[in-house]
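Enquirer: pasting the sequence and the predicted coordinates here, then a few questions.
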Amino acid sequence: AMGSSTENSAFFPTHNPWDLSRVPGGSSGGSAAAVAAGECLGALGTDTGGSVRQPAALCGVVGLKPTYGRVSRYGLVAFASSLDQVGVLTKDVTDAAILLGVIAGHDPMDSTSVDRPVPDYTAALTGDIRGMRVGVPREYFIEGMQPEVEEAVRAAVDRLADLGAEVVEVSLPHTDYALPVYYLIAPAEASANLARYDGVRYGLRVQGADLEATYKATRGRGFGPEVKRRIMLGTYALSAGYYDAYYLKAQKVRTLIKEDFDRAFERVDVIVAPTTPTTAFRIGEKVDDPLQMYLSDVFTLSMNLAGICGLSLPCGFDQRGLPIGMQVIGPAFGEETVLRVAYAYEQATDWHKRRPSVPTTSNVQRATGNQQPATSDEGRE
């Protein structure tokens, strides 16, 4: 399901194991919740604008989005082909390194897959970050973010400094444009990719009185409100008269965002920032306000636009006992460096060792009221 909460999932909403009344993040919230609840050792997710890292942060687990092209996407249902990447969700950084080593590599069935040797990612887990340069972007500490999130991430940066890293302030000046740029490019690509789900070639088929009625019924029932919203946004951005004004301009700004990261990585080895502006919000709190839902990904979108790697790991809890995530961001194919920094921080703290109390079935039913899905969406972020 597209979005930051799983509330639009065709397979029912997922609940956050730390508080069943709250979302697990999205759209790979089911994967993150399963890992956090101890239902599996690790899981795969897809990250188009933060959908591995954001749920990892809200569920208190590790989520790694590799560089674009590092992992094959063959077999996925495409959302936005220039942004989609397969990632991993695990309980700790070591498991993330192991799982990434398994799934990374060239695949001739994916034309975007990069033919580049796969290193032993576990060899990077030395715990030694002395002399490494850690950038902290001023644009990622914004007005309106939850104070506890900022405090936890800044404390984590101080811990990295204690471990021997050199902390450097960096600027990513086009960060404010990432959200509108993403929500022009991603829906445009979704509009093109999901056009094939017409009931003839792919996906659900709902029989109508004639071919046109079949198309309308199929797409009306096969896509939920959020997917329909994004398809319409994308179709509008690609339409005659608006392509140059919106889509083409967004692609130009995307290049500026990538160049911001290129310049920053000339000065630092990694960039550290919050993963999300808040901890997990309540189910139903933002479902009727798309803009507020989209803002949940404000710190994760830029990495997809730039095609670089990023990892979220736990760095604290708020006063309600909800996890807080920190992002370690690296340059293209910088997964080894990202894992090295994340592992050093993880070994110096105990946040990743905390686990939610696994609820019983009766507790889940009481907390959720046997809640039904908000919609039936096909696709994902």
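Expert: Here it is on my side, so go on.
Enquirer: flag the shaky bits of the stretch 251-381 of the chain, pLDDT-wise.
Expert: Residue ranges of the stretch 251-381 of the chain with pLDDT under 70: 359-381.
Enquirer: grab the nearest non-local neighbour of Y215.
Expert: D198 (5.7 Å; C-beta to C-beta, 6 or more residues apart in numbering). For glycine as for every other residue, the C-beta is placed from the backbone atoms N, C-alpha and C.
Enquirer: ok, now how distant is that neighbour from S81?
Expert: In this view, D198 and S81 are 18 Å apart by C-beta to C-beta, to the nearest Å.
Enquirer: cool, D47 as well?
Expert: In terms of C-beta to C-beta, D47 sits 14 Å off from S81.
Enquirer: out of those two, which sits in the busier spot?
Expert: D47 (29 against 15; other C-beta atoms under 10 Å).
Enquirer: so that one sits right up against P55, yeah?
Expert: No. Contact between D47 and P55 fails when scored by C-beta atoms under 8 Å: they sit 9.7 Å apart.
Enquirer: which residues are in contact with each of the two?
Expert: S28, G63 (C-beta atoms under 8 Å, 6 or more residues apart in numbering).
Enquirer: the residue nearest to the spatial centre of the chain: what secondary structure?
Expert: Nearest to the mean C-alpha position of the chain, by C-alpha atoms, centre = their mean, lies G50 at 1.8 Å. Classification of G50 using DSSP: H, G, I helix; E, B strand; the rest coil returns coil.
Enquirer: next: G63.
Expert: Classification of G63 using three-state DSSP returns strand.
Enquirer: in contact with it, which residues?
Expert: 28, 32, 45, 47, 52-57, 87-89, 96, 311-312, 325.
Enquirer: which strand residues bridge it?
Expert: Beta-bridge pairing for G63 (DSSP bridges): L89, S312.
Enquirer: distance of it from T46?
Expert: Distance of G63 to T46, given as C-beta to C-beta: 11 Å.
Enquirer: quick check, pLDDT for the nearest residue to T94 once chain neighbours are set aside.
Expert: Of all residues not flanking T94 in the chain, L125 sits nearest, at 6.2 Å (C-beta to C-beta, 6+ apart). In this prediction, L125 carries a pLDDT score of 99.
Enquirer: just the one 10 residues further on next, same as before
Expert: Confidence at G135, expressed as pLDDT, is 99.
Enquirer: part of a helix, is it?
Expert: No. Read with three-state DSSP, G135 is strand and lies in no helix.
Enquirer: could you count how many residues lie near G45?
Expert: Residues near G45, counting by other C-beta under 10 Å, number 27.
Enquirer: can you give me every residue that contacts it?
Expert: Contacts of G45 by C-beta under 8 Å, 6+ apart are S28, S31, A32, S51, V52, P55, G63, V86, G87, V88, L89.
Enquirer: the closest residue in space to the first one that isn't next to it in sequence in helix, strand or coil?
Expert: With C-beta to C-beta, 6+ apart as the criterion, S28 has its nearest non-adjacent residue at 3.0 Å, and that residue is G45. Assigned state for G45: strand (three-state reduction, three-state DSSP).
Enquirer: can we start the residue count at 25 from this point?
Expert: New numbering, starting at 25: the last item is G69.
Enquirer: so what does P197 have for phi and psi?
Expert: phi -60, psi -20 (degrees, to the nearest 10).
Enquirer: oh, that last question was meant for E370, not what I typed.
Expert: phi -60, psi -40.
Enquirer: same check on the one 3 residues further on?
Expert: Backbone geometry at T373, expressed as degrees, to the nearest 10, gives phi -140, psi 170.
Enquirer: tally of neighbours for it?
Expert: Counted with other C-beta under 10 Å, T373 comes out at 16.
Enquirer: gap between it and D222?
Expert: Taken as C-beta to C-beta, the span from T373 to D222 is 50 Å.
Enquirer: and if you look at E250?
Expert: On the measure of C-beta to C-beta, E250 and D222 end up 19 Å apart.
Enquirer: who's more crowded, these two?
Expert: Per other C-beta under 10 Å, whichever of E250 and D222 has more neighbours is E250, with 24 against 17.
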